[in-house]
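[1] mind folding the following:
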Amino acid sequence: MNSMTDKAKGLANEATGKAKQGVGKLVGSEKIEAEGVAQEAKGAVQKATGDAKAAVKHGADKVAGAIDKNL
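    The predicted structure follows:
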């Protein structure tokens, strides 16, 4: 996956997780609420992965640009 895909999936999982938490609280289901917490955390990790991939790509592009400039 590329960084944008990771970020998009992360945002979707965070939103779904928050919704599950709300539903769990509303119906009194600790299981659904816990699933929501886990899914929200999964989304946060996916977003962080996307951010890291973007940072690495940006750094590699800067290095490649500097090398091309010096050649």
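[2] isn't residue 23 up against residue 30?
    No: with contact defined as Cβ atoms under 8 Å, residue 23 does not reach residue 30; the gap is 11.9 Å. C-betas here are computed from N, CA, C, even on glycine.
[3] what do these two both touch?
    Here residue 23 and residue 30 have no joint contacts, going by Cβ atoms under 8 Å, 6 or more residues apart in numbering.
[4] tell me the phi and psi of the residue nearest the centre of the chain?
    Centroid check for the chain by Cα atoms, centre = their mean gives residue 47 as the closest residue, at 1.7 Å. When read as degrees, to the nearest 10, the backbone of residue 47 gives phi -60, psi -40.
[5] once you drop chain neighbours, what's closest to it?
    What sits nearest to residue 47 in space, not counting adjacent residues and going by Cβ to Cβ, 6 or more residues apart in numbering, is residue 10, at 3.4 Å.
[6] distance of residue 44 from residue 51?
    Applying Cβ to Cβ, to the nearest Å, the value for residue 44 to residue 51 is 11 Å.
[7] give the buried residues for the helix or strand hosting residue 13.
    Element membership for residue 13 (DSSP states H and E) is helix 3-27. Using 16 or more other Cβ atoms under 10 Å as the test for burial, helix 3-27 gives 3, 6-7, 9-10, 13-14, 16-17, 20-21, 24.
[8] what's that helix packed up against?
    helix 30-70 (3 or more Cβ pairs under 8 Å, 6 or more residues apart in numbering; DSSP states H and E).
[9] the helix it packs on vs helix 3-27, what angle?
    160 degrees (axes from the mean of the first three to the mean of the last three Cα atoms, to 10 degrees).
[10] and helix 30-70, what does it pack onto?
    helix 3-27.
[11] tell me the mean pLDDT for the helix it packs on?
    For helix 3-27, mean pLDDT rounds to 97.
[12] now stretch 38-53
    pLDDT averaged over stretch 38-53 gives 96.
[13] hmm, who's touching it?
    For stretch 38-53, the external contacting residues (Cβ under 8 Å, 6+ apart) are 2-7, 9-18, 20-21.
[14] got the buried residues for that stretch?
    Buried-residue list, stretch 38-53, by 16+ other Cβ under 10 Å: 39-40, 42-43, 46-47, 49-50, 53.
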